[in-house]
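**Student:** Next one to model:
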Amino acid sequence: MKSRFVFSLLAVLVLTSLLLSACGGAVTEAPVATESPATEAPAATEAPATEAPASMEGEGEVAIVAWPAYIERGANDPAYDWVTAFETETGCKVTVKEAATSDEMVALMTAGGYDLVTASGDASLRLVYGGTVQEIDISKIPSYSNVDPRLQDAPWHTVDGKHYGVPYQWGPNVLMYNTEVFPEAPTSWSVVFEETTLPDGKSNKDRVQGYSGPIYIADAALYLKARNPELGITDPYELTEEQFNAALDLLRQQRELAPKYWGDYLLQIEDFTSEGFVASSSWPLQVNLLQADGQPIASVVPEEGATGWADTTMMSAAAPHPTCAYLWLEHSIDPKVQGDVASWFGSAPAVPAACGGASELLGTEGCAANGFDTFDQIYFWKTPIADCGNGDTSCVTYDRWTEEFTAIVGQ
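**Tutor:** Take a look at the predicted model:
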């Protein structure tokens, strides 16, 4: 499944790398947040659901902000095209603006002019609380009941019982490693957080990376949750001042080991191919691409678990083409579409039926290969807010995460 698309994709990756880097894929500095999250959900009247279409008559266009490689029309590989049939059936032309970071997505949606965004959990609540996206009337999306029950009411897109999006794809932030350095899979995130001698007899200093985004603080918190239980961390996104400072201290320690932080998946591929890096957090996409290129690369979810991303297609509160947007939301959870996307990106589908052969590209083994069974080991990205639950509002908010992470990575 992995090798059927990768070589054609690699042919265009080099051509697009500079463009994607220009879109915000930093490797040495964290992106700057465009807004601070509120502590309460917006009133429903601030962004009411747009009336969904009663027929297939659309406005002729739908404009989507998406992660790279998330929406394909066959330009990179003719086999991977879930746009053309939609356009033919509905008359809605799909235009896509790729964004390399969650903060860029928030900025684009806040500026306006787009209908939909494939938002990760570290952006989705900012979009909800800012009134940037609207409530979705899921009764107008006939296939919503086919979405994985574990995602249907997920807290990163459901607020006060109201849905603000439709689940799209998900996956873990895996520990990617070089198999020549690690003959056996590493069992802990300690290989990227603490100075140690690796199995090849050399130090991990200057050979490991972290992710270039404030949400990476949660990876440090998750490691401390297991290694320092006295801190009392229960949720890596809900941190008291003491817990937050402990995570920052760990990242300062890591900064002495990690000369680079990756934000552009293309650049991370280059780093692991020719720059001597041997271990890092990563996405399944990079693992798939490097393996197909013959590189000695594998991945694992360590014993502490992993953070991850569950992306939701959300609609702008001022969507210029709401009818076509609703039509795309329904199309996006078709089992074949879900399977094709998962095959192309290396993700897990939000619709379990996609795992049963609905997509020839994904096949019947693709879900297992892409980590579908790791769901319970993943702490999915969500925007840190002051509300820790049970009336406690002492948790550190995302604006602080951004400020402190930028200071550490920029050292």
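
**Student:** hang on, residue 319 packs against residue 134?
**Tutor:** Yes: assessed by CB atoms under 8 Å, residue 319 is found in contact with residue 134 at 7.4 Å. To be clear about C-beta, it is placed using only N, CA and C from the backbone, and glycine gets the same treatment.

**Student:** between the two, which one's more packed in?
**Tutor:** residue 134 (26 against 23; other CB atoms under 10 Å).

**Student:** pLDDT at that one, what is it?
**Tutor:** Looking at residue 134, its pLDDT stands at 98.

**Student:** How about residue 28?
**Tutor:** pLDDT, residue 28: 36.

**Student:** so where does the residue lying closest to residue 188 once chain neighbours are set aside fall, helix or strand?
**Tutor:** If the residues on either side of it in the chain are set aside, residue 188 comes closest to residue 302, at 5.1 Å by CB to CB, 6 or more residues apart in numbering. Following DSSP states H and E, one finds residue 302 outside all helices and strands.

**Student:** what does residue 407 give?
**Tutor:** Assigned by DSSP H and E, residue 407 falls in helix 398-409.

**Student:** returning to that earlier point: count of residues packed around the residue nearest to residue 188?
**Tutor:** Applying other CB under 10 Å, I find that residue 302 has 20 neighbouring residues.

**Student:** what's the answer for residue 110, then?
**Tutor:** With other CB under 10 Å as criterion, residue 110 counts 15.

**Student:** Tell me if I am right that it is in a helix.
**Tutor:** Yes: checked against DSSP: H, G, I helix; E, B strand; the rest coil, residue 110 lies within a helix.

**Student:** Just confirm residue 221 contacts residue 238, I think it does.
**Tutor:** No: if you go by CB under 8 Å, residue 221 and residue 238 don't touch, sitting 9.2 Å apart.

**Student:** List the buried residues for stretch 196-203?
**Tutor:** For stretch 196-203, the neighbour count (16 or more other CB atoms under 10 Å) marks residue 198 as buried.

**Student:** outside of that stretch, which residues touch it?
**Tutor:** Here stretch 196-203 makes contact (CB atoms under 8 Å, 6 or more residues apart in numbering) with 180, 181, 182, 183, 184, 190, 191, 195, 204, 207, 278, 279.

**Student:** one more time with 10 Å
**Tutor:** 177-178, 180-184, 186, 188, 190-191, 195, 204-205, 207-208, 257, 278-279 (CB atoms under 10 Å, 6 or more residues apart in numbering).

**Student:** Now do that stretch: distance to the chain's middle.
**Tutor:** How far stretch 196-203 lies from its chain's middle: 31 Å, per CA atoms, centre = their mean, to the nearest Å.

**Student:** And that stretch, end to end?
**Tutor:** Using CA to CA, to the nearest Å, one end of stretch 196-203 lies 6 Å from the other.

**Student:** hmm, back to that, now, the contacts of stretch 196-203 that are in helices?
**Tutor:** 190, 191 (DSSP state H).

**Student:** Can you select the buried ones from the contacts of stretch 196-203 in ChimeraX?
**Tutor:** Command for ChimeraX that selects the buried part of the contacts of stretch 196-203, burial taken from 16+ other CB under 10 Å:
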select :177,178,181,182,186,188,190,191,204,207,208,257,278,279
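
**Student:** Filter the contacts of stretch 196-203 down to just the ones in strands.
**Tutor:** The strands, defined by DSSP state E, take in 177, 178, 208, 279 from the contacts of stretch 196-203.

**Student:** The closest residue to residue 102 other than its chain neighbours and residue 244, how far apart?
**Tutor:** Of all residues not flanking residue 102 in the chain, residue 123 sits nearest, at 3.9 Å (CB to CB, 6+ apart). As for residue 123, its distance to residue 244 is 20 Å (criterion: CB to CB, to the nearest Å).

**Student:** Neighbour count for those two, which is higher?
**Tutor:** More neighbours surround residue 123 than the other of residue 123 and residue 244, with 33 against 21 (other CB under 10 Å).

**Student:** Please name every helix or strand in contact with whatever helix or strand the more buried one lives in.
**Tutor:** Following DSSP H and E, one finds residue 123 within helix 121-129. Under the contact criterion of 3 or more CB pairs under 10 Å, 6 or more residues apart in numbering; DSSP states H and E, helix 121-129 touches helix 102-111, strand 116-119, strand 158-159, strand 306-315, strand 378-380, helix 398-409.

**Student:** got the buried residues for that helix?
**Tutor:** For helix 121-129, by 16+ other CB under 10 Å, it's 121, 122, 123, 124, 125, 126, 127, 128, 129.

**Student:** just to revisit the earlier point, may I see the helices and strands packed on helix 121-129 organised as CSV, with distance to residue 263 added?
**Tutor:** As requested, these are exported to CSV (distance: least, CB to CB, whole Å):
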stretch, distance to residue 263
helix 102-111, 10
strand 116-119, 17
strand 158-159, 28
strand 306-315, 14
strand 378-380, 19
helix 398-409, 10
